[in-house]
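# My questions concern the predicted model and sequence given below.
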Amino acid sequence: MRGFLAIIFAAAHRLLFLTGVLNFAFLMLWWTAALINLYILPFGMVSGAVPATFLHAPVMLYLMLPAFFFGFLLTVFPRWSGFADLQRRQYAPIGSAFFLATIIAWGALIGDNALWLVAALAIAGLGWLIALWHLAVILAAETRSDKGPTWHAWSAFTALCLGLSGLCFSAYFLLTLDGRAYLLANSIGTFGFMLPVFLTVVHRMIPFFAGNVVAGYVRWRPYWVLALVWVFLIPLMLAPIIDSAQLQFIGALALCMLTAIMLWRWWPRGDAPGLLMVLIWGFAWAPVGFGLIALGHYAGLSGFDFSPGKAPVHAIYIGMAGSLIIAMVTRVTQGHSGRPLTMNRAAWIAFWGIELSALARIVAGLRGEHGHWLVLAGIIWILLVTPWALKQARIYLARRADGKPG
């Protein structure tokens, strides 16, 4: 047991990424089963006071994604600010909280027990608070020194704080079934937490990675881009409170154009390895998703017949977020386990599986949330992405291939 704990707590990302990839596999298996039960073949799946369709977003946004985010940010955050890595005593409680929360959440989903899910979110929230404390200490130390400010760190920290507030709204919804709380939890989780973290990280990392591996590459990451991302996300995040289709249209259209500019400036003009290109291709879903959001609002404002359903946000959830998780987790896992920095076969299959799943989910939205297309999106994910997730899990449970610590 001591040897197992030494392995799983050897680095900040190990237990958190293990939690994330297990959720990457199990949550989609649960969700696909719920879709089959709902649209194709009812087989008596338990259904309680809160339908599975209202549990899908909270567990993805506040249990799966944070495990990946904290696994990455607890590793790079100190380095961004020029400080030493976090110690085991600092990151071990965080990973443990999210892993325990995940186990409880799985039981809650299988048994359709909303109170268990609230308990899972509470435990995850405790780990979240501990993580925020350690990150805040780093930012405070940077403020006292002559190093700062590291705007990427501040941007990510702001998104994590908003994410914790969204988790609280999600728990409140599960306790009260307050519809406004549900809308706020999803809106904050998407536009105040998930997207700012991803856009902050790619703004820093894509130019950095590309500059190291592409000959003649010119790094471009002005801070005004990061500022505009936040400005234009605000009306989308506050949509349940400020019901203004005009503001949401402007915000989405601006983000479509801004992310398209980012994609154009970051695209390598020379030969680039697959591990970089999957980041670029994954990010390409951002202008697509924001464009569809803008088109949906424009249709509502102008009165022409177009209803994209949930296709726009799933272009972002599955297309962008899923692709970037495959790309970045593969990179971190390969590098921190003493393996070559390349896309292996399982990673390539998973990446293209995400693309196919995203396309199927978008078709479902454009066809009025068609049940068969929803199920197809889930089945593609299970068949093509799950093997990658299990491969990553085995790596986190083993020592580094090169024998080094970490």
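Ah, there it is.
# Might you list the low-confidence residue ranges for this structure?
1, 46 (pLDDT under 70).
# List the residues that contact the residue nearest to Leu324 when sequence neighbours are not counted.
Nearest residue to Leu324 in three dimensions, chain neighbours excluded: Gly282, at 4.6 Å (C-beta to C-beta, 6 or more residues apart in numbering). C-betas here are computed from N, CA, C, even on glycine. Gly282 is in contact with Gly319, Met320, Gly322, Ser323, Leu324, Ile326, Ala327, Phe351, Ile354, counting by C-beta atoms under 8 Å, 6 or more residues apart in numbering.
# where's Gly282, which helix or strand?
Using DSSP states H and E, Gly282 maps to helix 274-283.
# Run the chain-centre distance for that helix.
In terms of C-alpha atoms, centre = their mean, to the nearest Å, the centre of helix 274-283 is set 16 Å apart from its chain centre.
# same check, this time on stretch 91-111
For stretch 91-111, the distance to the chain centre is 17 Å (C-alpha atoms, centre = their mean).
# Now stretch 38-51: buried residues?
Of all the residues in stretch 38-51, those buried under the rule 16 or more other C-beta atoms under 10 Å are Leu38, Val50.
# Can you show me the CA trace of it as CSV?
What follows is stretch 38-51, C-alpha atoms only, in CSV (Å, rounded to 0.1, in the frame of the first residue of the first chain):
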residue,chain,number,x,y,z
LEU,A,38,-34.6,7.5,-22.9
TYR,A,39,-34.6,7.3,-26.7
ILE,A,40,-34.1,3.7,-27.9
LEU,A,41,-34.7,0.9,-25.5
PRO,A,42,-36.1,1.6,-22.0
PHE,A,43,-34.4,-0.9,-19.7
GLY,A,44,-35.5,0.4,-16.3
MET,A,45,-32.7,2.8,-15.5
VAL,A,46,-33.4,4.4,-12.1
SER,A,47,-35.0,7.8,-12.3
GLY,A,48,-35.5,10.0,-9.3
ALA,A,49,-36.6,13.5,-8.5
VAL,A,50,-33.8,15.0,-10.6
PRO,A,51,-33.8,13.5,-14.2
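# mind listing what the nearest residue to Leu65 once chain neighbours are set aside touches?
In space, Leu65 comes closest to Met194 once its chain neighbours are excluded; the distance is 5.9 Å by C-beta to C-beta, 6+ apart. Going by C-beta under 8 Å, 6+ apart, Met194 touches Leu61, Leu65, Gly163, Tyr317, Ala321.
# circling back: who does the helix or strand just after the helix holding Gly282 touch, helix- and strand-wise?
Downstream of helix 274-283, the first helix or strand assigned by DSSP H and E is helix 285-302. If contacts are counted by 3 or more C-beta pairs under 8 Å, 6 or more residues apart in numbering; DSSP states H and E, helix 285-302 sits against helix 245-266, helix 311-314.
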